[in-house]
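Engineer: when you get a sec, could you give me coordinates for this:
(4 chains)
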Number of protein chains: 2
Amino acid sequence: MTAAKLKQQAHARLEQIAGRLKKGGHRMTPQRMAILKAILDGEHPSAEDVFKSVAMQFPSMSLATVYKTLALLKKEGQVLELGFGGQESRFDALIPKPHPHLICTRCGEIVDPNFMDLERAIQAMADQTGFRVDTHRLDFFGLCPKCRAQGTA
Amino acid sequence: MTAAKLKQQAHARLEQIAGRLKKGGHRMTPQRMAILKAILDGEHPSAEDVFKSVAMQFPSMSLATVYKTLALLKKEGQVLELGFGGQESRFDALIPKPHPHLICTRCGEIVDPNFMDLERAIQAMADQTGFRVDTHRLDFFGLCPKCRAQGTA
DNA sequence: ATCATTGCAAATACTTTGCAGCGTT
DNA sequence: AACGCTGCAAAGTATTTGCAATGAT
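Structural biologist: Numbers count the residues shown, from 1 in each chain, chains lettered A, B, ... in the order given. Below is the predicted model:
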């Protein structure tokens, strides 16, 4: 996907989220708009990333507001939180439904890979265990192509 | 697997871990032995679970010691930590290598399901993205059979 | 005017660290 | 004696909450 397409996609998603928040009785403040843009333009940013990015426009911005907005977006199902035990969570507003992630342990890049037959594998597990599977979290860790090229350092 | 078999498996694993720690220049103290037993006998216990369980035998036991021991076991690759953003981590000493987990969101039970063709799916993702995949974390969330039976409450 | 939202400060949850004393080898 | 281990207290990290002031509808 090209950069231009991604930007267009992010913009369309921004409108969509804004509409859904309003429908839910929430307000679309300038701060919220900036936070949303930061999440959509960034690549799986952390709360701190979002804060730093928004703080340039809104020097009075507080981290608490970022967290509150993220909590609201989560509650409305408009953002996916990727929490890593201990470390900062990262957020995905483009695709707010659970999907696999491939995470570079050196540079932190996160990409969305294809994963074969996930539905079928989940069904098989459900049949086998008697669980009702509602959601999931699939993370794969390794080195992205760039970091692989940089050697073992 | 029967309860008796599980107990035997846990015992064998305890010996194995003890041996590996000694080889690594570490000491097998009574506290450590109790911590190991608690992890192996419990079902994916949290640090707090381990602490409470061990504190009965060792009233002077400190949570810090539990955490230090868990950190050592992690470093030696003898325990798998399942961290959940914000909430307590849970630990698995029976199978210290990454494997899928099925987690009940009501009662917290964690089971180890079979998962089809994981190797092949990982290989496909690696080919597709250029990543080198080193490890993973696969969690599925839902309701266990018991909790399903108890209704939607 | 009403009621959600902001932002500061304080609180929380979980985990890690510093360090003095203890116990093994 | 050397060195790892224990356990208390304090610090640390990421996130959440209380509340008064602000701002949108």
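
Engineer: how close does residue A:71 sit to residue A:15?
Structural biologist: Using Cβ to Cβ, to the nearest Å, one obtains 22 Å as the distance from residue A:71 to residue A:15. No exception for glycine: its C-beta is placed from N, CA and C like everyone else's.

Engineer: outline the domain layout of chain A.
Structural biologist: Annotated domains of chain A cover A:3-92, A:101-149 [automatic domain parsing].

Engineer: now mean neighbour count too, for those, in a markdown table please.
Structural biologist: What follows is the domains of chain A, written out as a markdown table (neighbours: other Cβ atoms under 10 Å in any protein chain shown):
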| stretch | mean neighbour count |
| --- | --- |
| domain A:3-92 | 16 |
| domain A:101-149 | 16 |
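
Engineer: the ones you listed: which one's closest to DNA strand D?
Structural biologist: domain A:3-92 (3.2 Å; Cβ to the nearest atom of the strand).

Engineer: any bit of the closest one sitting next to chain B?
Structural biologist: Yes - contact between domain A:3-92 and chain B, assessed by Cβ under 8 Å from any Cβ of the partner chain, occurs at A:81-86, A:89.

Engineer: can you flag which of those belong to strands?
Structural biologist: Those of the residues of domain A:3-92 next to chain B mapping onto strands are A:81-82, per DSSP state E.

Engineer: which one in the residues of domain A:3-92 next to chain B is the model shakiest on?
Structural biologist: Across these, the smallest pLDDT goes to residue A:86, namely 68.

Engineer: mind showing which ranges of chain A have poor pLDDT?
Structural biologist: Scanning chain A for pLDDT under 70 picks out A:1, A:86, A:151-153.

Engineer: longest strand of it?
Structural biologist: Max-length strand for chain A by DSSP E is strand A:132-143.

Engineer: send me the helix or strand that comes right after that strand as PDB with only the CA atoms.
Structural biologist: Sequence order places helix A:145-149 as the next helix or strand after strand A:132-143, per DSSP states H and E. C-alpha atoms of helix A:145-149 as PDB (Å, rounded to 0.1, in the frame of the first residue of the first chain):
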ATOM      1  CA  PRO A 145      14.300  -7.000   7.500                       C
ATOM      2  CA  LYS A 146      16.000  -3.700   8.200                       C
ATOM      3  CA  CYS A 147      17.300  -4.800  11.600                       C
ATOM      4  CA  ARG A 148      18.300  -8.200  10.300                       C
ATOM      5  CA  ALA A 149      20.500  -6.400   7.700                       C
END
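
Engineer: report whether helix A:145-149 contacts chain B.
Structural biologist: Yes - judged by Cβ under 8 Å from any Cβ, helix A:145-149 comes into contact with chain B at A:145, A:148.

Engineer: distance between that helix and the chain's centre?
Structural biologist: Centroid separation for helix A:145-149 versus its chain: 23 Å, with Cα atoms, centre = their mean, to the nearest Å.

Engineer: now for the longest strand of chain A, which elements pack on it?
Structural biologist: strand A:101-104, helix A:118-129, helix B:118-129, strand B:132-143 (3 or more Cβ pairs under 8 Å, 6 or more residues apart in numbering or on different chains; DSSP states H and E).

Engineer: residues contacting residue A:131?
Structural biologist: The contact partners of residue A:131, by Cβ atoms under 8 Å, 6 or more residues apart in numbering or on different chains, come to A:125, B:102, B:104, B:111, B:113, B:140, B:142-145, B:148.

Engineer: spatially nearest residue to it, not counting backbone neighbours?
Structural biologist: residue B:142 (4.9 Å; Cβ to Cβ, 6 or more residues apart in numbering or on different chains).

Engineer: would you mind measuring from the residue most central in space within chain A to residue A:112?
Structural biologist: Nearest to the geometric centre of chain A sits residue A:92, at 1.2 Å (Cα atoms, centre = their mean). Between residue A:92 and residue A:112 the computed distance is 8 Å (Cβ to Cβ).

Engineer: could you do residue A:16 as well?
Structural biologist: 19 Å.

Engineer: hmm, back to that, touching, the residue nearest to the centre of chain A and residue A:45? I think so.
Structural biologist: No - counting by Cβ atoms under 8 Å, residue A:92 stays clear of residue A:45, with 9.3 Å between them.

Engineer: need the residues touching each of those two.
Structural biologist: residue A:39.

Engineer: following element in sequence after the longest helix along chain A, please.
Structural biologist: Using DSSP state H to define each element, chain A has its longest helix at helix A:3-23. The element immediately downstream of helix A:3-23 (helix or strand, assigned by DSSP H and E) is helix A:30-41.

Engineer: restricting to C-alpha, output that following helix in PDB.
Structural biologist: C-alpha atoms of helix A:30-41 as PDB (Å, rounded to 0.1, in the frame of the first residue of the first chain):
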ATOM      1  CA  PRO A  30      -9.800  19.700  19.200                       C
ATOM      2  CA  GLN A  31      -7.700  17.700  21.700                       C
ATOM      3  CA  ARG A  32      -9.500  14.500  20.700                       C
ATOM      4  CA  MET A  33      -9.200  15.200  17.100                       C
ATOM      5  CA  ALA A  34      -5.400  15.700  17.500                       C
ATOM      6  CA  ILE A  35      -5.200  12.500  19.600                       C
ATOM      7  CA  LEU A  36      -7.000  10.500  16.900                       C
ATOM      8  CA  LYS A  37      -4.800  11.900  14.200                       C
ATOM      9  CA  ALA A  38      -1.700  11.000  16.100                       C
ATOM     10  CA  ILE A  39      -2.900   7.400  16.500                       C
ATOM     11  CA  LEU A  40      -3.900   7.100  12.900                       C
ATOM     12  CA  ASP A  41      -0.800   8.800  11.500                       C
END
